[in-house]
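Visitor: structure, please.
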Amino acid sequence: MNKKIYLSPHTLNVFRECPRCFYQEVKWKVKRPRGPFPSLPNGIDAVLKTYFNIYRQSGELPPFLRSEINGHLMKDLKETYWHQMDATTVLFGKLDDCIVLPDGRHAPFDHKTKATPPDDIHPAYVFQMATYRFLLEGNRYPVADHAYLVYYCPVSHRDDTVTDIKDVIRFQYKILRAEHLDGEQVRQVVHDAVSCLKEDDLPASGVSCEYCAWMKTIGGLTGAGTLPPIQSEQPGEKAAPPSDDAAFEKGNLF
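Guide: Got it, this is the predicted structure:
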């Protein structure tokens, strides 16, 4: 692979879950099948960003955070952070936000939506936060060894005297802290992911990858073979789709 390899928290988490799906997505531009993407989380993120930006300029935290977090919002937050890992590998990510602690260290901050408040943080989110921390450090910011996640969850409403819908749909929140974020783990996963992409043959599927299990079933029904390798492309470039595997319909299945 001669062209640059662009990796993100998402693609690295795919690699951790299933090297085969990762290989197909990054090297061949063939993504996992998915249905219509729900727009509600994006809408909530947009509202929260506007709200947080009010306090970013004043050098404060939003009031609901002040009792649990000591610090202020990062004023010069960028839309995307990039870090050149080596001559051909670039890591990038989009932080929801970042807290600057009183001692000057930076802690990634992320918004999540969930049906009910969780008791702990999913391992994929912990790794996502570790990657954001790695990116901040790679951009020469002093970093903390932890990050914050705020979960916004709908409140169960049982008051039949309330009739206005704006009073019925309400949210609660829960702040969790991801501890002991490991930059060396991120570096190792990036190294292993790049090594995977350099292989000529498809890597093994993840142990519990439902996408590969589905594809194996479809392949057995259609007699389809494996996809031919395609050169990696940069983000935004149009990749040439696989051309000789009917099961993928030239990539349109994804």
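
Visitor: ends of stretch 152-161, how far apart?
Guide: Stretch 152-161 has an end-to-end distance of 25 Å (criterion: Cα to Cα, to the nearest Å).

Visitor: try stretch 27-41
Guide: Using Cα to Cα, the end-to-end distance of stretch 27-41 comes out at 29 Å.

Visitor: just the element for Ser208, please.
Guide: For Ser208, there is no enclosing helix or strand under DSSP states H and E.

Visitor: ok, the closest residue in space to Leu65 that isn't next to it in sequence - contacts?
Guide: Ranked by Cβ to Cβ, 6 or more residues apart in numbering and with sequence neighbours excluded, the top spatial neighbour of Leu65 is Ile175, at 7.2 Å. C-beta: built from backbone N, CA, C; applies to glycine. Residues near Ile175 by Cβ atoms under 8 Å, 6 or more residues apart in numbering: 65, 68-69, 148-151.

Visitor: could you rerun that using 10 Å?
Guide: Applying Cβ atoms under 10 Å, 6 or more residues apart in numbering to Ile175 gives the contacts 64-65, 67-69, 109, 117, 148-151.

Visitor: cool, Glu68 as well?
Guide: Glu68 neighbours (Cβ under 10 Å, 6+ apart): 61, 148, 150, 175, 177.

Visitor: how does it look with 8 Å?
Guide: Ile175.

Visitor: how confident was the prediction at the residue lying closest to Ala130 once chain neighbours are set aside?
Guide: Using Cβ to Cβ, 6+ apart and skipping residues adjacent in sequence, the residue nearest Ala130 is Leu181, 4.2 Å away. pLDDT for Leu181: 97.

Visitor: Leu181 touches Val126, doesn't it?
Guide: Yes: under the contact definition of Cβ atoms under 8 Å, Leu181 touches Val126, with a separation of 7.4 Å.

Visitor: helix or strand next in line after the strand or helix carrying Cys21, which one?
Guide: In this assignment (DSSP H and E), Cys21 forms part of helix 19-28. Next helix or strand after helix 19-28 toward the C-terminus (DSSP H and E): helix 40-58.

Visitor: where in the protein is pLDDT low?
Guide: Scanning the chain for pLDDT under 70 picks out the ranges 1-2, 220-254.
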